[in-house]
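A.B. asks: Provide a 3D model corresponding to the input given below.
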Amino acid sequence: YFGFTFDAGIHYTLKNIFDGSDLRFGLAALNITEPSVSSSGSADAKLPMKLGLGIAYVSRNYNYLVAVDVVKERDDYTIKTGAEFLGLEHEVFNLYTAFYLRAGYDAIINDSVYERNTLYGGFGIQVQNLVIDYAYMFPLTLQHVGGSHKISLSYQFSF
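C.D. replies: Here you go, the predicted model:
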């Protein structure tokens, strides 16, 4: 069995809404074709389509970003909030370097009293176009479980 899906998104930035600050809007659709991840193609193993809408306030003067997203997956609506702070920006050996600090929270808002919610924390290190990110995810409602660690490596192409 072979499955295929794709994601689509769009964003728009209002530049300088306040002196040195932007407002970003985004809309995304994920897993648009809702493929099955089962080797038999079973409908029970379909990836659900996710729809997301977000807004972010970006302060270039003070080097921070604050964002809020709402994501719909099946019958669940999740609200996600987060902030990113540029902690250190410097040139080392003629290479641009930066250190970012991040924190966030999400909760499924149509659950009774936000039964499923999670705290996030992490940091990112950028050297030129190479970015290494670390995140720690801590579920607040699961007892005696601990959290998850995530590490990603990305490269930002300039066209």
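A.B. asks: I10 and G26 touch, don't they?
C.D. replies: Yes: using Cβ atoms under 8 Å, I10 is in contact with G26, at 7.1 Å. Where you see a C-beta, it was placed from the backbone N, CA and C, and this is true even at glycine.
A.B. asks: higher neighbour count, these two?
C.D. replies: G26 (16 against 9; other Cβ atoms under 10 Å).
A.B. asks: distance of the more buried one from V37?
C.D. replies: 26 Å (Cβ to Cβ, to the nearest Å).
A.B. asks: in which helix or strand does the residue of the chain positioned farthest from its centre reside?
C.D. replies: Distance from the centre of the chain peaks at S40, with 31.4 Å (Cα atoms, centre = their mean). Under the criterion DSSP states H and E, no helix or strand holds S40.
A.B. asks: any idea how far it is from G3?
C.D. replies: On the measure of Cβ to Cβ, S40 and G3 end up 11 Å apart.
A.B. asks: then Y100?
C.D. replies: 35 Å.
A.B. asks: comparing those two, which residue is more hemmed in?
C.D. replies: The neighbour count for Y100 versus G3, taken as other Cβ under 10 Å, is higher for Y100 (20 against 15).
A.B. asks: okay, now the sheet partners of the longest strand seen in the chain, with direction.
C.D. replies: Using DSSP state E, we find that the single longest strand of the chain is strand 76-92. Applying DSSP bridges, strand 76-92 is found paired with strand 64-73 (antiparallel), strand 95-108 (antiparallel).
A.B. asks: thank you kindly, that will do.
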